[in-house]
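Here is a sequence with its predicted model. Questions after.
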Amino acid sequence: MSSDTLILPTPEIFSAFPYTPPYNIQAQLMRHLYEAIENRKVTVIESPTGTGKTSSLLCASLTWLHDEKNRARKGKLNNAATGDDWVSTQTRDRLRRQLEAEELEYEQRLADARQKEAQLKSRARVWKKPKPDDKPQQPFIDGDASFLPEDGGTPGDDDMNLSPAVKALMARMDSHTNNEEPEMACTKIYYASRTHSQLTQVLPELRKLKIPGCNNLSSICSDDHKYYQSRALSLGSRKHLCINAELRARVKDIDEGCRELLAEKKENRCPYLPPVGEEVRMNEFRDQILATPKDIEDLALSGRVSGICPYFASRKAIPQAELITLPYNLLLQKSAREALGINLKDQIVVVDEGHNLIPTLLSLSTVHLSLPLVQTALYQVTTYVTKFRNKLNPANLVQLKRLLVFLDALAKYSGEWRDMRRKSQQLEVQEVLTPAELIERMGRKVLGLNMLEIVNYLKKSKIARKISGYAEKLIEQAEKDKELEAGPKKQVPASRKGVVPPLLVIEDLMTALAGATDDGRISLTLINTSGPSIASKSRPKQPSTVEIRYHLLNPAPHFRDVVDEARAVIIAGGTMSPISDVQNQLFSHLPPQRITSFSCGHIIPPENVLTVAVTKGPSGRELDFRAGNQGDSSTLSDLGQIILNFTRIIPGGMIVFFPSYKFLENAKSAWALATGGGYLEKFDAKKKVFFEPEDQAGVEGVLQQYATAVAGSLVSLLFERVCLLNICKNSQTSSQTGALLLAVIGAKLSEGLNFADDLARAVVIVGLPFANLASAELRERMRYVKREEEKLLRERRKETVEGAQRPIALRGKDAAAELYENMCMNAVNQSIGRAIRHRGDWAALLLLDQRYSNLSIRGKLPKWLGGDNLIVPGQFGGVMKQMGAFFRPKCRTG
């Protein structure tokens, strides 16, 4: 009997869960996830922030992994001997002892690694930077011969661009030399999130789990490790894991700088990568990585203590890791998975913060470049070919001439496109083309090019970095000549080493064009060279240039490899509503029976949340904050009076989210004037007012000041008195009772921040943040979605329908309109999720716009907020009555 025929029953109780007993919704989530993994499903899970989502995901998946190891062991024993005679029994017993001995040996190795790591840390209380080599550093460029194309290599080699010595080291580490037993790969869980800061929350929850596992390993299990410690690994980029301080200080792009350094000769190689013949040091550090769970910062620190590169050592640890945390890009990009040696076949993939998945998939396929970059690449290739024409073999010369044809045609067409729009007021300053249309407009010579052949040549020859290196040499030589002419006081510009070569961006564009399908588009946009992109109907001031952007309209293709290879895929988030949107965009190719979903309520008591749709203002007018009304003085006056009334009743912190910066600025300008009601001054009399900064640098300061204002104004007795007086007598006291933060949906404060407890006793959403339909890219995507829906419906009409169909779109609304509405509600739900962060938290969620009373909009709110949970009073007085009933008892208890 093989392990595949042994079915794992879903546990009723998850003993590994750190808190006993778990809440009912946590137990339901864990059972759903366990079944999804066992039955090879793709599932979308919505579990609000504060419900223990991370602990539940880890507990269920690692419990399954623990049971799967036992199942695999039973399968091996059953396959070893199938009879009941004494020979079969002896065979199984011998194999069982062998398996247990192997486990014990490996766990002992990890225990030794933990001990050695502790000794290293105790010796390195004050870590000292390694002394630089006394030898003068050799220049990166050593003779013109180093700039010639490489004849060997494979398409995958360009990611590393390693010297032969480094390639030999990596090959020896990956081969099982030095009489080592080969490392046996194991089933693993890949746990992905958008950022490393989000992933750092995973390991603390992992350490709390109580997974059994020491029954056969008592000799090496201390009290600190009485439960099984899953082998966890954090994967990151060079940006996060490079420990070469000298390199980080002198290059702009750490990836390029690392590749350049690895291509150096032996004496100038990175000192943190052990030389060939010293693989033992790398293997010991690999065991230290797996012995104790480390987040990305811990991993970098351990690398400094050990003096070994954690970036390459973490790659070595992948086969034996059971839980691997990694950012989205390392999971979703096939080239990144191949470079790291990640094989998703029959593995479990958990994508946390899943509301970010679709935007990330679309952005990962995007290529940005500008006309000046194309012109720079054209100049560099022309210079290179002129210099090395007599040294290049005919095959190289042919491919480089074809590359020049492409670059010249792209530069000429982009320049002509720019000039036409400078002269004509009738043409829009943004245009969206299919790849085929762009290639056709570039001329017959480009139509005749084999784009895939050129791309393969660029990858195999690594010519982009060769050409960039030669251009860098010419620049450095020119700067030295200027320095000699200007004298010693003349400051020489910094080196451009470590900057991504322009030709690599061109290579990315050509790769996209070579493999372009119906869902790829090219956007051309006229932009000001001194500022951001301009609106579609305005004219830029001179000088202006062209931004070229390749992007996908469909997020599914790049995720399809992950879904098709993995055993199970779990997409989880606090606000995944509407779940059907994720299923329709990513899993339309899957049979309906493989797709499941789970959405749970919140663990907070129902009386701890108030959700109200405010459809009318104090004046009795319906609230409609569409773009056309956002500058209307009556609309702004109504909004100001609503917020003022709210500040009189809401304690602590209050956050108001606007649909755009423009609307926020309109309101701010109007409310600052006495003729506009002087509302800013009135707000400030009740709550200290703060505005979301437009630049990222100012965010932390605003948040600190906001938190200080909230904390400094909350005193329990005053808190109760002010609330009661404001509700009962509409007191005009000037005492501040917290703080008011005016922010923007989809900007810096609407996601990833924790406004728990008094920091957000109310979240107010003003209007609906529908995207700008003037965007040519958005219109093109909506047309594409509608065409795909019509195509799918035509195909399904031809089929015999058996059972329930997968929902494609809500009846009565086409896919384009559904996508447009879903994009809006995804942003709203993220902003709402900033409040109510744990079981004891409480807050009011106030949705200002008559459109929130529509059934289609209400249905896209999170399950625990929408539907019957959403209160829609007829008049504004009803809103205030609901708020009074909600806040009064909470004010009394403080």
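Perfect, I can see it now.

use CA for all of it now, contacts and neighbours both
Will do.

Where does pLDDT dip in the stretch 301-450 of the chain?
Low-confidence segments of the stretch 301-450 of the chain (pLDDT under 70): 426.

ok, which stretches of it are helices?
310-316, 328-332, 334-340, 357-364, 371-388, 394-423, 435-441, 444-447 (DSSP state H, counting those that start in this stretch).

Can you tell me the element residue 558 falls in?
Counting by DSSP states H and E, the element that carries residue 558 is helix 556-565.

so what does that helix touch, helix or strand wise?
Where contact means 3 or more C-alpha pairs under 8 Å, 6 or more residues apart in numbering; DSSP states H and E, helix 556-565 is packed against helix 328-332, helix 357-364, helix 579-586.

helices and strands around the following helix or strand past it, which ones?
Next helix or strand after helix 556-565 toward the C-terminus (DSSP H and E): strand 568-573. Judged by 3+ C-alpha pairs under 8 Å, 6+ apart, strand 568-573 is in contact with helix 24-38, strand 42-46, strand 348-351.

out of the ones you listed, which comes closest to residue 359?
With C-alpha to C-alpha as the measure, strand 348-351 is the member of the helices and strands packed on strand 568-573 nearest residue 359 (13.5 Å).

Stretch 189-199: which residues count as buried?
For stretch 189-199, the neighbour count (16 or more other C-alpha atoms under 10 Å) marks 189, 190, 191, 192, 193, 194, 196, 199 as buried.

of those, closest to residue 519?
Using C-alpha to C-alpha, residue 194 comes nearest to residue 519 of those, at 24.2 Å.

who's in contact with residue 51?
Residue 51 makes contact with 26, 602, 603, 838, 839 under the criterion C-alpha atoms under 8 Å, 6 or more residues apart in numbering.

what about burial for the residues you listed, which qualify?
26, 602, 603, 838.

low-scoring stretches of the stretch 151-300 of the chain, by residue?
By pLDDT under 70, the low-scoring segments of the stretch 151-300 of the chain are 151-184, 213-226, 252, 263, 265-266, 276-278.

which stretches of it form helices?
Under DSSP H, counting those that start in this stretch, the stretch 151-300 of the chain gives helices at 164-174, 196-199, 202-208, 238-241, 245-250, 254-262, 279-291, 296-306.

Which residues does the fifth one contact?
So the one you mean is helix 245-250. By C-alpha under 8 Å, 6+ apart, helix 245-250 touches 242, 254, 257, 258.

For residue 889, which three-state class applies?
In three-state terms, and counting by DSSP: H, G, I helix; E, B strand; the rest coil, residue 889 is helix.

Dihedrals phi and psi, the closest residue to residue 284 other than its chain neighbours?
Spatial nearest neighbour of residue 284, chain neighbours left out: residue 113 (7.0 Å); criterion: C-alpha to C-alpha, 6 or more residues apart in numbering. Main-chain torsions, residue 113, degrees, to the nearest 10: phi -70, psi -40.

give the contact list for residue 113.
284, 285, 287, 288, 291.

from those residues, which is closest to residue 880?
residue 291 (57.1 Å).

Check the gap between the closest one and residue 305 for me.
Noted for residue 291: a distance of 16 Å to residue 305, by C-alpha to C-alpha, to the nearest Å.

more neighbours, these two?
Each of residue 291 and residue 305 has its neighbours counted (other C-alpha atoms under 10 Å); residue 291 has more, 25 against 20.

Secondary structure class of residue 9, three-state.
State at residue 9, reduced to three classes by three-state DSSP: coil.

any idea how far it lies from residue 32?
According to C-alpha to C-alpha, residue 9 and residue 32 sit 12 Å apart.

more neighbours, these two?
The neighbour comparison of residue 9 against residue 32 (other C-alpha under 10 Å) goes to residue 32, with 18 against 11.

helix, strand or coil for the nearest residue to the more buried one once chain neighbours are set aside?
The shortest distance from residue 32 to any non-neighbouring residue, by C-alpha to C-alpha, 6+ apart, is to residue 598 (7.4 Å). The local conformation at residue 598, judged by three-state DSSP, is strand.

residues in contact with stretch 559-566?
Residues outside stretch 559-566 that contact it (C-alpha under 8 Å, 6+ apart): 42, 332, 344, 345, 346, 347, 348, 349, 361, 569, 586.

hmm, 10 Å instead?
By C-alpha atoms under 10 Å, 6 or more residues apart in numbering, the residues outside stretch 559-566 that reach it are 40-42, 190, 331-334, 343-349, 357-358, 361, 556, 568-570, 586-587, 589-590.

distance between that stretch and the chain's centre?
Put simply, stretch 559-566 sits 18 Å off its chain's centre (C-alpha atoms, centre = their mean, to the nearest Å).

just stretch 446-465 next, same as before
30 Å.

Mind listing what's buried along that stretch?
446, 451, 454-455, 457-465.

Please tell me how far the residue nearest the centre of the chain sits from residue 355.
Among the residues of the chain, the one closest to the centroid is residue 194, at 2.4 Å (C-alpha atoms, centre = their mean). For residue 194, the distance to residue 355 equals 10 Å [C-alpha to C-alpha].

and what of residue 310?
Here the distance between residue 310 and residue 355 works out to 30 Å (C-alpha to C-alpha).

If you count surrounding residues, which of those two has more?
Taking neighbours as other C-alpha under 10 Å, residue 310 and residue 355 compare with residue 310 leading, 30 against 25.

re earlier: buried deepest among the helices and strands packed on helix 556-565, which one?
Of all the helices and strands packed on helix 556-565, helix 328-332 carries the top mean neighbour count, a mean of 21, counting by mean count of other C-alpha atoms under 10 Å.

Fine, thanks again, bye for now.
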